[in-house]
Every structure is written in structure tokens, then in C-alpha cells.
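Trainee: Next come a sequence and a model predicted from it.
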Amino acid sequence: MTDEKTLLYSGYQVIPSNFSLEAYKYVFKNPTTIIDAYKVTFAFSVIGTALSVLLMAMLAYPLTKKELKGRNFVSFLLFFTMLFSGGLVPSYILITRYLHLGDTIWVYILPSMISVWYTFMMRTFFNDLPKEIFESALVDGAGEFRIFFRMVIPLSKPVIAAVALFIFLGKWNDWFTSLLYINDPKLVSLQYLLQKIMNDIKLLSENSGNMSIQKDTSSIPTESVRMAMAIVVAGPALLVFPFFQKYFVKGLTIGSVKG
Amino acid sequence: MKKVLKRVMSALLCATMLAGAMSLCACEKKADAETLVWYMPADANQPGKDAVVEEINKITQEKIGVNIDLRFIDESSYNQRLEMMLASGEEMDLCFIGYLYTLQNAIRKEALTDITEYVKNLEVYDTIDEDIWKSCTYEGKLYAVPNIQIMSMGTAAVFRKDMVDKYGLDLDSVNSYNDLIPFFEKIRDNEPDLIPERAGACFAGEFDKTRTYDVFYDLVRYNPENDKVEVSAEMPGGYNRAVLCHEFYQKGFVRKDAATVTDDTADLNAGRYVQTNDASKPGDAEERTRMTGHEYVSKEVVPGIMSYNTATATMLGVPLQSKNPEKAVEFINLLHTDKDLYNLVVFGVEGVNYKKISDERVERIENSGYDMKAKGWKFGNQFNQYLTPELPDGIWEKTKEINDNAERSEILGFFLDDSMITTEISQCTKVRQEYSKRISAGVEDPAEYYDEYLDKLKKAGVYTIRDEVQRQIDEFKKNNN
């Protein structure tokens, strides 16, 4: 909220001595990039979170059923991917050359849809739900899907809210996917725009010993613009947090207390 | 309510699956063999690029019968992206190789095609200096074509012109940073809003000549006078510079918080420093003028030398996965020799992205959707570039003259194989980064910490690096004489 000159000469102040909205005007002067990034980030965060939570719950719930054969083997398969992952280059090859997800919005959603960690967290929670309710529902004639959607999910709101919040924040803050897989400037995420500024600065200072490159500092936004962008980008995530908060406290302790 | 939610959810799921399947088909656009995919580091957000590429294709279709698919990657992501693309064999025919992804690195990973045969038959081979070719050749083979730009850059001190005029500094009589002390004192006392010098932008002695020596990882330098590789920090210039920085700090010439400030580009862009450093070349002061909006003048403080680093800093290479390396090299040749094509890539379409003022001068149109920021040095032959308003007349002729007359490093063509010393390099680099900040901030007296610095470097294995570089250079010289 301070103008650039005051910022440079007297630093940050709690109450701005020289109020100015110039930086925000600059950010919104050419807003297509930010608006595009907003749309993309919002879309993949919401769709991604919804799909993730749904699929993970549907994966975790059967694993709590004692009568399911081979559930230990499935658990082991999941657990195995937690310990050993393919590595960056093989996953890059898989995603771009075989799945052809490069430069699509799906690259944000599909590869990271199932997180084993959160699946196990949900399984633990489902395990603690009283089996008797489900059995009585079964007696009353409800199918497994009905039990799942009408009973398990409403009973598990805390864990679902917690997992959804974690995933949503994770997706909202995702910049690495943009860096690796996205070529189309219309499809980059918001955080990538911020990260790009940071990386540009790092690149300049790393190359400062290399005199054969001419350093163009003019492409780096001024201090006040950077701060304005940080606010613009962080905003929605801040709004989401209180919304989830009432479930959040309970959700955090999931899995920590046994018995 | 619940039922509705359930229906919405399943509908959503179906829709996403369907859309997913559809988008999978959509991106299956295989480029044919007649299209060359060319990756460049530049701002990726350029809506006007397609129109420019269309124009480029008109020229390339006519001259060499191929289409170009030009793709930009943001500079800061270029290294990681290229690494991935080279490793995964993604479709690519041309890519920028240089300071963002070094030639050494690319060769060590065997990521580039040997293009020696193709290059030698083309016009571009004769337009580039023999010594430059020599410095890009590895084991007798060429893997990338260097861009033509300034090949010998020293270091220049740039000053804000209004201050130089106001306090009567005679730049010609300045022979070392000590000569600047009276000037800096006047600025310190009379210009409270300005800072005389950017922290660390000074060298000791009569503009330390050792800085022209070939440098490896900013740790060791090859001294051609006694044919020895020496540790930079142990050279006299190293310690003396630390002393000078400390002196300047005590005199109040640099900012007090230099030790903790991590990024001062905002101050730099606002022209808050009266003196800072730049790469020395024709037009350097004008470039800074463009960036800051204040007029600058420059003085060369370290002469340039044509070294391995400068010649390989900007090149175009043909990756191993290219299906058509011959055409790719022909396109590089065209970039070097066809002035219209070159300027099309630099500035875009005439009338849309830039206006022509005279035969050689152009003015860019702001926000026209295509802007390489006039960074013509990223490819081809910069001497063909139109002049933007801030560049002085005859700048390319002057640059060419500097290139032709530049002193050449004795070890031009030497490639360091650092696979044996990677651990030492990363350890020493950490130590160097920690101390170089302390040195340039100048808060502490170097007498107290400089021995500690050298000691830590030694423990991190700087002598191992020195001996290995020396061994390889000796071998290189033996084989070349």
C-alpha cells in the first residue's frame, strides 16, 4: 500500500506514510495473465480436490472391511509406492510421452490424484467408525454404495475436511507442475507466476560471477509490485481456511490417539 | 440434498473422465518430419508469437523447405525443463545451449548430435572466427553453433551521468577505485537519497588484471603468465578487494544492510546506486540507461579476453533426438546469414510488433504481444540486428572490431572434465558463497576472517580442484603443441 519510492528509502512501516495503490494498478493493468492463472488454478484445485477426496475415500473404505480378501496385499501395494517412487525423469517420460498430459490442465489433477498418506489416514478414521451401524443398515436393505455415501461420508466429515483442506492448499501452491509440464502460458498456475519472479532473481545473482552475460534487471518487478502480487495470489487460500476450521481441529488429531 | 450431491458428484466424475479422454486425443498432434521444433529461453507469455512464426515459416519454407515450431520456456525454468526434455527424448530439433545449460553439461550427458559434417559445408562456418570454433570443439567434434555477439567482455564500472557531471568526476583520470574516494565522499555528504556504490562493485589495485584469467567455477583461475592454476581467493586481488570493501563500508560508501539484503534489483532499477558494475561492451551504459531511466556513463575497468566461457555462453545445439539434424543446422545457418529472418525473430512482424524508423533503426511497439526484449544475442548473428533507440550508431562495427582484436586465452578449446571433482566443487562453492557475501558487504575486517575463509576452502578440497584442473590443462597443452 506504500509507493515504491517510500518503500526504497524508508523501508516497511506498519502504517504506510505514503499511501498508494499504484502497485495494485500495475498488477491489474494487464490482468489477462493473472486472470487466466486464477481460472486455471481455481479449476484444478477444486476439481482436483473433489476427485481426490472421493477416490481416496472410495479406496480407503473397502480396506477397512475384514471380509475383503487380499486387502493386506492391496495395502502393501499402496505402501510400497510410498517407499519407492519412480523418480522424476521416468515420471516425466510417462506423463508426457505415454499419457500425453503435457500442456493440459489434467496434468495438475490426474498424476497426483491418490495420496497414499491421506488414504491411510482415512482408513484409520473409517476403522474407528462403529461397524454395527453399517450392519444394521445392511439389514435394512441398503447396498454398499448407499452405506458409503449416506453413512460413511457424513460420519467422516472431520477427516474429509482435513484431507480436502490439505489437498486444496497443496494444489493451490503447486508451481512445480507448471514449471515442468506446461508450455502454454494460458495454463500456468498462480504460484508459478510468483515462483518465476523468485527464480529470476536467483538466476541473476547466481550468474553475477559470469561476466559474459548481460544482466537485464529491468524485467524484474519492483518491490511494491511483488508484494501486491503476493496478496493477490494468496487471497483465496486465506478465505478457504476459516471455512474448514471447525472440522480442522478435530481432523488434525486423527490417527494420533489410539484406543 | 444428499441425493442431489451424489448425482452431481457422479456426473462430475463422468464429465471429467470424458473430457480427459477427449483432451488426450486433442494433444496427439504429431509434428511431421518437415517441422523443426525450436526451444528458446524467453518470456513464455507472448500471445503474438503465432503470427510471427507464420512469417518465419514463409521464409524457411522458401529457403530450406521446412516449418519452424518456435517454443519459449521462461528463462528461470529453462535449465530444469531442458534437462527433462533431453533426458526423456521429447521431440526437439534445436535448443539454446549456453549459460543456462552449459555445453559441457550437454556433452557430458551425451545429449547433443555431432554436427561437424553439416556445419563445415555451410556459409556460417566461414563467418565465425577460427578461434571461436576452436573453443567450441570437443574431441574434434562440434555439437553446437555459437552465436555471433561480443566475444570478449571485460568489466565496466558504470556511473550515473548526472552525478558525474555535478561533482566533476574526470573518468579518464580514474585508474583505480582509490581514485574514486573523493567523488564518493561528496555523494555521501550531499546526496542522502543515493548510495555511492553497490556493495562489492569494486576491485583492488589498478583494476585487478587477474580477473581476465580463465576462471573455473569461480574458484580457481588459470594464470597464463606462469602457466599455473591458482586459487582465486589466494591471489593478491582477493584479499585486497576484501580490505577495500571493508574500507568503503567504514567510509559509508555502501549500504549499511548489504550483509542481509538478498535482493537489491529494485534499488538497482531505481538508479539508487551511483556506481555499479556491468559487463563491458559497446553500448553498456546505454543499456543501463534503458533499464533504469537514468543516464549512465561507463568506464572499462577490466579488459575483456576471449575465453572458453565467453565463446560458449550462447549457442544453438541440435539434440540427439532430432530426426532431421541436417535441416536443423541449415536453419541455424539461415539465422546467421538471413538478415530478414533474424530480425523477424528478434523484433516480430514489421508494423505489428515494431516500426521501422530508418534502414537500420527500429522502435518497438509496446504490448504488441511479441517481445524478445531485443535479446538478439540469444541466437544467430547479432551484427545483423536492427538498432533500437538506445543503441548508438556503429555499435556492431565497434563490437566486431573488439572481437577481432581481443586477446585470446591460451587455453582456448580446453574442456574441463569435472566428473572427478564434483564433490569438491559443490563443497567449495558453498564456502565461497558464504564468504563472498561477507566480503562484498564489508562489515567485518578481513584480517579477522580471511584466514578462516582460506582454511575452510582448503578443507573443502580447493587444492584437489586446482591440481585436477592443472593436470587437465597440462595434458591439453601437450596434445595441442
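Mentor: Cool, got the structure.
Trainee: can you give me the helices in the stretch 101-250 of chain A?
Mentor: Using DSSP state H, counting those that start in this stretch, the helices of the stretch 101-250 of chain A run over A:106-109, A:116-128, A:131-139, A:144-147, A:153-155, A:157-172, A:176-181, A:190-206, A:223-252.
Trainee: Among these, which comes closest to chain B?
Mentor: When the helices of the stretch 101-250 of chain A are compared by CB to the nearest CB, helix A:190-206 sits nearest chain B, at 3.2 Å. (Glycine included, C-beta is placed from N, CA and C.)
Trainee: picking up where we left off before, now, of the helices of the stretch 101-250 of chain A, which is deepest in the fold?
Mentor: helix A:106-109 (a mean of 23; mean count of other CB atoms under 10 Å in any protein chain shown).
Trainee: could I get that one in CSV with only the CA atoms?
Mentor: Output of helix A:106-109 as CSV, limited to C-alpha atoms (Å, rounded to 0.1, in the frame of the first residue of the first chain):
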residue,chain,number,x,y,z
TRP,A,106,-5.1,-32.7,-16.4
VAL,A,107,-1.5,-32.8,-15.6
TYR,A,108,-2.4,-30.9,-12.4
ILE,A,109,-5.1,-33.3,-11.4
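Trainee: how far is that helix from where the chain is centred?
Mentor: Relative to the centre of its chain, helix A:106-109 is centred 11 Å away, using CA atoms, centre = their mean, to the nearest Å.
Trainee: can you list the residues that contact that helix?
Mentor: By CB atoms under 8 Å, 6 or more residues apart in numbering or on different chains, the surrounding residues in contact with helix A:106-109 are A:40, A:44, A:47-48, A:51, A:95, A:101, A:171, A:174, A:177, A:181-182, A:189, B:16, B:20, B:23.
Trainee: try it again with 10 Å
Mentor: A:40-41, A:43-45, A:47-52, A:95-96, A:99-101, A:171, A:174, A:177-178, A:180-182, A:187, A:189, B:16, B:19-20, B:23-24, B:27 (CB atoms under 10 Å, 6 or more residues apart in numbering or on different chains).
Trainee: Quickly, which of the helices of the stretch 101-250 of chain A bottoms out on average pLDDT?
Mentor: Confidence, taken as mean pLDDT, is least for helix A:223-252 of the helices of the stretch 101-250 of chain A (a mean of 70).
Trainee: Could you tell me how many residues sit around B:Arg290?
Mentor: 17 (other CB atoms under 10 Å in any protein chain shown).
Trainee: err, B:Glu230, not the other one
Mentor: There are 17 residues near B:Glu230, going by other CB under 10 Å.
Trainee: which residues touch it?
Mentor: B:Glu230 sits in contact with B:210, B:213, B:220-223, B:238, B:466, B:470, where contact means CB under 10 Å, 6+ apart.
Trainee: on that earlier part again, which among the contacts of helix A:106-109 end up buried?
Mentor: A:40-41, A:44-45, A:47-52, A:95-96, A:99-101, A:171, A:174, A:177-178, A:180-182, A:187, A:189, B:16, B:20, B:23 (16 or more other CB atoms under 10 Å in any protein chain shown).
Trainee: which bits of the stretch 151-300 of chain B sit near chain A?
Mentor: B:151-156, B:192-193, B:200, B:211-212, B:215, B:217-218, B:232, B:257, B:262-270, B:272, B:277-281, B:283-284, B:287-288, B:290-293 (CB under 10 Å from any CB of the partner chain).
Trainee: Flag the shaky bits of chain B, pLDDT-wise.
Mentor: Applying pLDDT under 70 to chain B flags residues B:1-33, B:204-207, B:374, B:481.
Trainee: Name the nearest residue to whichever residue of chain B sits closest to chain A, ignoring sequence neighbours.
Mentor: Nearest residue of chain B to chain A, counting by CB to the nearest CB: B:Ser76, 3.2 Å away. Leaving aside its chain neighbours, B:Ser76 sits nearest to A:Asn199 (3.2 Å; criterion: CB to CB, 6 or more residues apart in numbering or on different chains).
Trainee: you'd agree the one you found is up against B:Ile73?
Mentor: No. Contact criterion CB atoms under 10 Å: A:Asn199 and B:Ile73 do not qualify, at 11.9 Å.
Trainee: Which neighbours do those two have in common?
Mentor: Common neighbours of A:Asn199 and B:Ile73 (CB under 10 Å, 6+ apart) are A:179, B:79-80.
Trainee: List the residues that contact residue 98.
Mentor: As the question left the chain open, I've gone with chain A. Contact analysis of A:Tyr98 by CB under 10 Å, 6+ apart lists nothing.
Trainee: you looked at the wrong chain, it should be chain B
Mentor: By CB under 10 Å, 6+ apart, the residues touching B:Gly98 are A:212-213, B:41, B:78, B:106, B:144, B:146-147, B:312-317, B:377-378.
Trainee: In strands, which of those fall?
Mentor: B:41, B:144, B:146, B:314-317 (DSSP state E).
Trainee: ok, back up a step: give me the buried subset of the residues of the stretch 151-300 of chain B next to chain A.
Mentor: B:151-156, B:200, B:211-212, B:215, B:217-218, B:232, B:263-270, B:272, B:277-281, B:283-284, B:287-288, B:290-292.
Trainee: In strands only, show me those residues.
Mentor: B:154-156, B:215, B:277-280.
Trainee: Chain neighbours aside, what residue packs nearest to residue 95?
Mentor: Let's take chain A. Nearest one to A:Ile95, counting by CB to CB, 6+ apart, is A:Leu101 at 4.9 Å.
Trainee: switch to chain B, that's the one I care about
Mentor: Per CB to CB, 6+ apart, closest to B:Cys95 is B:Tyr39, 4.5 Å.
Trainee: list the contacts for that neighbour?
Mentor: A:183, B:69-73, B:78, B:81-82, B:85, B:90, B:92-96, B:316, B:319.
Trainee: That one belongs to a helix, doesn't it?
Mentor: No. Under the criterion used here (DSSP: H, G, I helix; E, B strand; the rest coil), B:Tyr39 is strand, not part of a helix.
Trainee: now it, which residues is it bridged with?
Mentor: B:Arg71, B:Cys95 (DSSP bridges).
Trainee: can I get the helices of the stretch 101-250 of chain A in CSV with distance to B:Lys323?
Mentor: Below are those laid out as CSV (distance: least, CB to CB, whole Å):
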stretch, distance to B:Lys323
helix A:106-109, 25
helix A:116-128, 40
helix A:131-139, 59
helix A:144-147, 51
helix A:153-155, 52
helix A:157-172, 37
helix A:176-181, 23
helix A:190-206, 31
helix A:223-252, 41
